[in-house]
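1. Next one to model:
(one chain, ligands or ions: 2)
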Amino acid sequence: MNKQDINNIKQLLSSPKKIIIVPHKNPDGDAIGSSLGLLNYLLKGNHKAQVITPNDYPGFLKWMPNEVSILKHDSQTKQCDDLINEADIIFTLDFNAFHRTGNMEAVLTESKALKIMIDHHQSPDDYATYMYSDVSMSSTCEMIYNFIDMLGDLDLVDADIATCLYTGIMTDTGSFRFSSTTSTTHRIVANLIEKGANNAKIHDNIYDTNSYNKLQLLGCALNNLKVIPESRTAYITLSQDELNQYNYTKGDTEGVVNYGLSLDGIVLAAIFIEDKQEGIIKISLRSKGNFSVNDMSRTHFNGGGHINAAGGKSYSSLKDTVEKFISILPTYNKALNNE
Ligand code: 5GP
Ligand code: MN
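-> Residues are numbered from 1 along each chain as shown. Ligands and ions are numbered 1, 2, ... in the order given. Below is the predicted model:
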């Protein structure tokens, strides 16, 4: 985003506008954090601003400032479509292509509103008038902080905005441990704490609010963990029956894939989760070093993401999907053993 873009956006936001903010489907901490951080900032400018998510999100995100105002497109479709069709500006956050919003793709594609993309995923589509896309960023929340800074409004960042942005930076960096976490990320996080983000409370709200069933499901997942030493790979499966047995609710499998990656010597981890309702196997891939799970997911699993964290899906059965994964691994053995 250059100086001219920023000046144009500043001009645009100098009078009240109807603004919609949209994150990706199955929003995570960074998607909700960036959306609510931006919402709370825009509301200070007297805009009519509204966050619309494609669908629901995990309970451990349902405490964030102004979270209760969020509309969900899948259950409030007419109301959401009307708001989108009336909007002057649509911010699209934490995704790189409209299809990442699921069933919102059509209404977003047809909308005449001016689009502003803020995102850190690879290969962004070219739909936005103003695009702030940077794959080196730890999180979209870090980018929202920079965006507010570029607009010269850091003094408007209050405890609510700081709380939202801290949450997304924390969740997308695996609590500040992934290599995307830079000294600048830490400086921003320090500023957010000074602005009123309560770091201990935020960690507690996100990570220490597990249900008993969620931990039991984690036990089941760890029991299913398999290792393929020659490919330095670990994978986990969870069938629909297993999810049902532990009363699965949204978010219960978040982060489980990382247990595979925590094994000594493992550089690629996968989890395959059966979703009978959607008729898919949801796949999450994680890696260490230069091994790109974004490439692997794009090539084989209808997905994408980042170099060390990507997702995708398969329309085959759980068994066939795992077999496919195992069958393609040898083509990656050289790269995996070079890490
Ligand atoms: P997760 O495995 O946690 O669902 O996602 C890891 C990363 O990959 C996130 O940045 C997420 O946005 C991205 N991702 C997840 N699923 C998909 C997908 O189906 N397509 C694409 N392009 N990216 C995905
Ligand atoms: Mn993100």
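2. Please make it C-alpha for all contacts and neighbour counts, starting now.
-> Will do.
3. Let me see the ranges of the helices in the stretch 151-300 of the chain.
-> For the stretch 151-300 of the chain, applying DSSP state H, counting those that start in this stretch gives helices covering 159-172, 183-194, 199-207, 212-223, 240-245, 257-261, 293-300.
4. Figure out which of those helices is closest to Gln4.
-> Within these, the stretch nearest Gln4 is helix 183-194; the backing value is 24.2 Å (Cα to Cα).
5. Give me the contacts around the closest one.
-> Ser138, Glu142, Tyr145, Ala159, Ala162, Thr163, Leu165, Tyr166, Ile169, Asn199 (Cα atoms under 8 Å, 6 or more residues apart in numbering).
6. and of these, the nearest to Asn205?
-> Closest to Asn205, out of all of the contacts of helix 183-194 and judged by Cα to Cα, is Asn199, at 9.9 Å.
7. Among the helices of the stretch 151-300 of the chain, show me which one is buried the most.
-> helix 159-172 (a mean of 26; mean count of other Cα atoms under 10 Å).
8. Can you name the residues of this protein that neighbour ligand 2?
-> With the criterion set to Cα under 5 Å from the ion, the chain comes near ligand 2 through Asp30, Ser139.
9. what about 6 Å?
-> Residues of the chain found near ligand 2 (Cα under 6 Å from the ion) are Asp30, Asp94, Ser139, Thr140, Asp172.
10. what's around Lys3, how many residues?
-> Counted by other Cα atoms under 10 Å, the residues lying close to Lys3 total 10.
11. which residues does Leu217 contact?
-> Taking Cα under 8 Å, 6+ apart as the criterion, Leu217 is in contact with Glu242, Leu243, Tyr246, Tyr248, Asp252.
12. And it, how far from Ile280?
-> Distance of Leu217 to Ile280, given as Cα to Cα, to the nearest Å: 20 Å.
13. Contacts only, for the residue of the stretch 101-250 of the chain found nearest ligand 2.
-> Closest contact between the stretch 101-250 of the chain and ligand 2, by Cα to the ion, is at Ser139 (4.7 Å). Applying Cα under 8 Å, 6+ apart to Ser139 gives the contacts Asp30, Asp94, Asp119, His120, Gly168, Ile169, Asp172, Thr173.
14. For the residues you listed, give me CSV that also has distance to ligand 1.
-> Below are the contacts of Ser139 laid out as CSV (distance: Cα to the nearest ligand atom, whole Å):
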residue, distance to ligand 1
Asp30, 9
Asp94, 7
Asp119, 10
His120, 8
Gly168, 12
Ile169, 13
Asp172, 8
Thr173, 11
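15. Now do Thr182: how many residues are near it, please.
-> Close neighbours of Thr182, defined as other Cα under 10 Å, add up to 15.
16. Sticking with the closest residue to it other than its chain neighbours, tell me its helix or strand.
-> Among residues not flanking Thr182 along the chain, Ser138 sits closest, at 7.8 Å (Cα to Cα, 6 or more residues apart in numbering). Using DSSP states H and E, Ser138 sits within no helix or strand.
17. Now do the contacts for Ser138.
-> Listed by Cα under 8 Å, 6+ apart, the contact set of Ser138 reads His120, Ile169, Asp172, Thr173, Ser180, Thr181, Thr182, Thr185.
18. shouldn't the third one be in contact with Gly29?
-> Spelled out, it's Asp172. Yes. Counting by Cα atoms under 8 Å, Gly29 is a contact partner of Asp172 at 7.2 Å.
19. one step back: specify which member of the contacts of Leu217 is nearest to ligand 1.
-> Proximity of the contacts of Leu217 to ligand 1 (Cα to the nearest ligand atom) peaks at Asp252, which lies at 12.1 Å.
20. how far away is the closest residue to that closest one other than its chain neighbours from Arg232?
-> Using Cα to Cα, 6+ apart and skipping residues adjacent in sequence, the residue nearest Asp252 is Lys214, 5.5 Å away. Lys214 sits 28 Å away from Arg232, going by Cα to Cα.
21. Report the strands that pair with the helix or strand bottoming out on mean pLDDT in the chain, each with its relative direction.
-> Least confident element among the helices and strands of the chain, by mean pLDDT, DSSP states H and E: strand 304-305 (a mean of 92). Here strand 304-305 has these sheet partners by DSSP bridges: strand 309-314 (antiparallel).
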